[in-house]
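1. sequence and predicted model, in that order:
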Amino acid sequence: MPVSLPPALELSLDLLCCPTCGTRHLQPDRGALRCPVGHTFDIARHGYASLLTGTRATSGDDAAMVQARDRFLSTGAYAPIRNVGARLAACAVSEQATVVDVGCGTGYYLAGALDQLPGAHGLGLDTSVRALRSAARAHDRAAAVAWDVFRPFPLADGVADVVLNVFAPRNPAEFHRVLRPTGRLIVIRPTVRHLAELRGRLPAMVAIDPAKEQRLHRALDPFFEPAVTERAEYPATLTRLDALDLVAMTPSARHLSRADLNDDGFLPDQVTVSVLATAYHPR
């Protein structure tokens, strides 16, 4: 039986372009999306559209990482991060905005933005099909599409009012292309203080490069001008299971063995959460 078109995905069809030929107006066709030229892309039974073509990206989160992320985010420990992103979005655009979350993961941050913009609709892009299963259900006004941030996005020029980028890779030229001239790019990234207690106990965790901010600004400067930056920094209390999930939901999970995590003494019961959130104007 063909998969029905999710309502949120139907609302997003006007944003999308065929990734093969670049034509607009993808249309539903027997459980798939088809462009006017005839290129066809599956709609998964979990509700997301798979527009990736050619060699599939391999860096997407696997099932264990996604499950750990779902569990950890459900604790509310990162709710202040979601709130600051949502607030920056709501202050910059109208309630009827289109929000595109690049590297959306499970859709947690996109859902937070849509909650603050009652008339808006959202689209999440991610390489991980496991994460997209959650993202497609994260909010009734959010659609999800499989895509690789490092390729030209399957989106028309100037269709987004907000591009949201939270703990995710960046493609500044594409961010700029798909944003309206009056739109905002919102980038949320960790400071060197983020999870310092956990990194101190687990040296195998991926370190935060002290030059990360300078590299970010160099990459964005040709395309964007910063408008406002907010810092969210606070202590978060963790159970042992929370700490395990916090490690397991990040790329650090690939660098740690079970033996690294077996000793309770190596897992702190409180960590510092520290991020910067910046809203940028397109140049």
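-> Looks like it arrived, so ask away. Residues are numbered from 1 along each chain as shown.

2. V93 contacts G183, correct?
-> Yes: using C-beta atoms under 8 Å, V93 is in contact with G183, at 7.0 Å. Just so you know, the C-beta spots here come from the backbone N, C-alpha and C atoms, and that holds for glycine as well.

3. who has more neighbours, those two?
-> G183 (25 against 21; other C-beta atoms under 10 Å).

4. how about the contacts made by H194?
-> If you count contacts by C-beta atoms under 8 Å, 6 or more residues apart in numbering, H194 has them with 208, 272-275.

5. quick one: classify it as helix, strand or coil.
-> Local secondary structure at H194 is given as coil here, using DSSP: H, G, I helix; E, B strand; the rest coil.

6. distance check, it against R177.
-> 30 Å (C-beta to C-beta, to the nearest Å).

7. need the contacts of H194 in a markdown table (columns: pLDDT and distance to V99).
-> Supplementary listing: these in a markdown table, determined by pLDDT from 0 to 100; distance: C-beta to C-beta, whole Å:
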| residue | pLDDT | distance to V99 |
| --- | --- | --- |
| I208 | 85 | 27 |
| T272 | 97 | 29 |
| V273 | 98 | 23 |
| S274 | 97 | 25 |
| V275 | 98 | 19 |
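
8. top of the residues you listed by number of neighbours, please.
-> Neighbours here mean other C-beta under 10 Å. Within the contacts of H194, the largest count is held by V275, at 21 neighbours.

9. the helices in the stretch 151-283 of the chain, which residues?
-> With DSSP state H, counting those that start in this stretch as the criterion, the stretch 151-283 of the chain has helices at 172-178, 196-201, 212-220, 240-248, 258-261.

10. could I get these as TSV with distance to A113?
-> Listed next are the helices of the stretch 151-283 of the chain as TSV, based on distance: least, C-beta to C-beta, whole Å:
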stretch	distance to A113
helix 172-178	16
helix 196-201	27
helix 212-220	20
helix 240-248	23
helix 258-261	33
